[in-house]
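Visitor: What shape does this take:
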Amino acid sequence: MEDKIQFLEKATELFIEHGSKTLTMDDIAREFGMSKKTLYQKYKNKEALLEEVLAFKLQEIIQKMQKLDVEIDNAVERMFCRDEQIEKAVNSNKSMMIKQLVKYYPAIFNKHMLNFSDKFSEVLVRNIDKGRTQGYYRTDFNPEIYAKMFFQLMLSYDSSPFLATDKIDREAFQQEVMMMYMNAITTEKGKEILKNLIK
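Guide: Residues are numbered from 1 along each chain as shown. The predicted model follows:
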């Protein structure tokens, strides 16, 4: 199991560095000092390896998010806890790996994004449930829909035709999305915590 994790970590680095189309199975086999035949015994083709790499990275990100959920009890404060891995994932649309995935492997990319959206939304829905229990979040909205809208907005910076990215900084955009979302879901009690967090 440890060997597989190390393999996937290294394979991920290779795809990020060279791109999902540019990197070949020959390159991967050479990098690991194995024959191409051995590599093809593990993965029937590069697409299968790409899917496993994406699932592996997503699982890693979700586990880190769940860890933060346990460490930070206050639901509002939890939303403002920044995590490097999560930010990398949200900002990864500009990487060569992702750009090549979108262009050359759209079915794999779309499947990954749907999976990412589902897992990320589950984490947000748990945060909403906790915040409602704590009295910080309103109870009169659909948590699943709000979670999906938040995810979509956070990832829309690179793909929206309506956004002048040369005039609006990515970080400023994401902070505004966060504030819009938090102001939309918090009760008066939750807004007090919000005010203290953004001072």
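Visitor: just for this structure, where's the confidence low?
Guide: The chain contains residues with pLDDT under 70 at 1, 83-94.
Visitor: switch the cut-off to 80
Guide: For the chain, applying pLDDT under 80 flags the ranges 1-2, 82-95, 199.
Visitor: can you map out the strands along it?
Guide: In the chain, no strands are defined using DSSP state E.
Visitor: Scan it for its longest helix.
Guide: When the chain is parsed with DSSP state H, its longest helix is helix 106-133.
Visitor: which parts of that one are buried?
Guide: 108-109, 112-113, 115-116, 119-121, 123-128, 130-132 (16 or more other Cβ atoms under 10 Å). Using the backbone N, CA and C atoms, a C-beta is placed for each residue, glycine as well.
Visitor: ditto for stretch 137-146
Guide: Neighbour-count burial for stretch 137-146 flags 137, 143, 146 (criterion: 16+ other Cβ under 10 Å).
Visitor: I figured the first one hits residue 190, correct?
Guide: Translated: residue 137. Yes. Taking Cβ atoms under 8 Å as the definition, residue 137 is a contact partner of residue 190 at 5.9 Å.
Visitor: shared neighbours, those two?
Guide: The contact sets of residue 137 and residue 190 overlap at residue 131 (Cβ atoms under 8 Å, 6 or more residues apart in numbering).
Visitor: What residues does residue 15 make contact with?
Guide: Applying Cβ under 8 Å, 6+ apart, we find residue 15 in contact with 23, 50, 53, 97.
Visitor: what do you get for residue 43?
Guide: 49, 52.
Visitor: And it, how close does it get to residue 167?
Guide: Going from residue 43 to residue 167 by Cβ to Cβ, to the nearest Å gives 43 Å.
Visitor: Helices along this structure, start to end?
Guide: Under DSSP H, the chain gives helices at 2-18, 25-32, 36-42, 46-71, 75-79, 84-91, 96-104, 106-133, 143-154, 170-185, 188-197.
Visitor: What lies in contact with stretch 109-124?
Guide: Residues contacting stretch 109-124 (Cβ under 8 Å, 6+ apart): 51, 54-55, 58, 62, 65-66, 69, 89, 98, 101-102, 143-144, 146-148, 150-152, 155.
Visitor: rerun at 7 Å
Guide: 54, 58, 62, 65-66, 69, 101-102, 144, 147-148, 150-151 (Cβ atoms under 7 Å, 6 or more residues apart in numbering).
Visitor: Repeat that for stretch 180-195.
Guide: By Cβ under 7 Å, 6+ apart, stretch 180-195 touches 74, 76-77, 79, 128, 131, 135-138, 141, 146, 150.
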